[in-house]
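[1] Need the 3D shape of this:
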Amino acid sequence: MGHLDHAAFGWLTPVLSYAMACIGAALGLRCTVRALGATGRSRRNWLVTAASAIGTGIWTMHFVAMLGFSVNGTEIRYDVPLTVLSLLVAMIVVSAGVFAVGYGRDRTRALLLGGLTTGLGVASMHYLGMAAVRLHGDVTYDPMLVALSVVIAVVAATAALWAALNIKSPVAVTVASLVMGAAVSSMHYTGMFAVRVQVTPSGEVLPGATAMQFVFPLAVGLGSYLFLTSAFVALSPTAGEREASVSAQRPVESVAR
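    Below you'll find the model as predicted:
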């Protein structure tokens, strides 16, 4: 049995991955709030941005945390197509959950359906990402911990969507994002503690790319996307601010006439 280290760089990867999860959650919640106050194409665009932010944040959290994952006695590489597929799954399934909430007429049903869909999508992304791992040996899982990680993912996703529907103030969104970041991180590490590796020493070259060759550059790119999108959302006026601006302009136009 190979010794697994989930934090080979100390607290750096857990803290950084938690920060990525919080940023993705905060941005997703803010965009969903904007979407619920909009109509037509504007609502759709905000929901797409929300889904991409949440999906990107979750995926980046997972693979930043994986940078600190190591197993004694073997190198670790990643299958590139499977890793990219895990990102696409995160985006698509989170989009389904967010759109269910954004357009659902029955809020309770939409919340439950969206939470279940998004939670299963998060879990699928995690285990697809783990399926992309290549090492000298066999990987098995503790089924009870796997089931617990899926439950945590569904509960966390449902709570996040509930927050998007019911929490409006920036302070409340910040608190909710910190809680959601902790929930997503808990799901990840619960899933990782389920991993068991039986190392088989071998001199063969492993297929795939190393974390620094592929995962790290992609995570940096997606993290940059989150920061830039956060800045855009922070600077764009809300519906209330636009209405106030229009109302302020009307007296000026009346005087001019």
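[2] Return the distance of Ser230 relative to Gly57.
    For Ser230, the distance to Gly57 (Cβ to Cβ, to the nearest Å) stands at 10 Å. C-beta coordinates here come from the backbone N, C-alpha and C atoms, glycine included.
[3] Who has more neighbours out of those two?
    A side-by-side neighbour count of Ser230 and Gly57, using other Cβ atoms under 10 Å, places Gly57 first with 31 against 17.
[4] Read off the pLDDT value for the more buried one.
    Per-residue pLDDT puts Gly57 at 87.
[5] can you pull out the strands in the stretch 151-257 of the chain?
    For the stretch 151-257 of the chain, applying DSSP state E, counting those that start in this stretch gives strands covering 195-199.
[6] which residues are in contact with both of Ser230 and Gly57?
    Ile23, Leu27 (Cβ atoms under 8 Å, 6 or more residues apart in numbering).
[7] Okay, the residue nearest the centre of the chain and Thr108: tell me how far apart.
    The chain has Ile58 as the residue nearest its centroid, 2.0 Å off, counting by Cα atoms, centre = their mean. Distance, Ile58 to Thr108, using Cβ to Cβ: 24 Å.
[8] And Ser224, by the same measure?
    Separation of Ser224 from Thr108 (Cβ to Cβ): 37 Å.
[9] what do you get for Val233?
    Separation of Val233 from Thr108 (Cβ to Cβ) stands at 28 Å.
[10] who's more crowded, the two?
    Neighbours were counted for Val233 and for Thr108 using other Cβ under 10 Å; Val233 has more, 18 against 8.
[11] who's in contact with the residue nearest to the more buried one when sequence neighbours are not counted?
    Spatial nearest neighbour of Val233, excluding adjacent residues (Cβ to Cβ, 6 or more residues apart in numbering): Arg30 at 5.5 Å. Applying Cβ under 8 Å, 6+ apart to Arg30 gives the contacts Pro170, Val173, Val233.
[12] what's the closest non-adjacent residue to the first one?
    In this structure, Pro170 finds its nearest non-sequential neighbour in Arg30, 7.9 Å apart by Cβ to Cβ, 6+ apart.
[13] Against Ala219, how distant is that neighbour?
    22 Å.
[14] Leu145 too?
    Applying Cβ to Cβ, the value for Leu145 to Ala219 is 25 Å.
[15] repeat for Thr140
    Where Ala219 is concerned, Thr140 sits at a distance of 27 Å (Cβ to Cβ).
[16] Between these two, point out the one with more neighbours.
    Ranked by neighbour count (other Cβ under 10 Å), Thr140 and Ala219 place Ala219 first, with 23 against 11.
[17] quick one: low-confidence parts of the stretch 101-250 of the chain?
    Of all residues in the stretch 101-250 of the chain, those with pLDDT under 70 make up the ranges 234-250.
[18] Kindly recompute the last result at 50.
    241, 244-246, 248 (pLDDT under 50).
[19] Settle this for me: Pro14 is touching Ser185, isn't it.
    Yes - using Cβ atoms under 8 Å, Pro14 is in contact with Ser185, at 7.2 Å.
[20] Looking at the two now, which is surrounded by more residues?
    Using other Cβ under 10 Å as the criterion, Pro14 and Ser185 rank with Ser185 on top: 23 against 19.
[21] Compute the number of surrounding residues for the nearest residue to the more buried one once chain neighbours are set aside.
    Leaving out its chain neighbours, the residue that sits closest to Ser185 by Cβ to Cβ, 6+ apart is Tyr18, at 4.9 Å. By the criterion of other Cβ under 10 Å, Tyr18 has 21 neighbours.
[22] Wait, a strand at Tyr18?
    No - counting by DSSP: H, G, I helix; E, B strand; the rest coil, Tyr18 is not found in a strand; it is helix.
[23] got a list of what it touches?
    Met61, Gly181, Ala182, Ser185.
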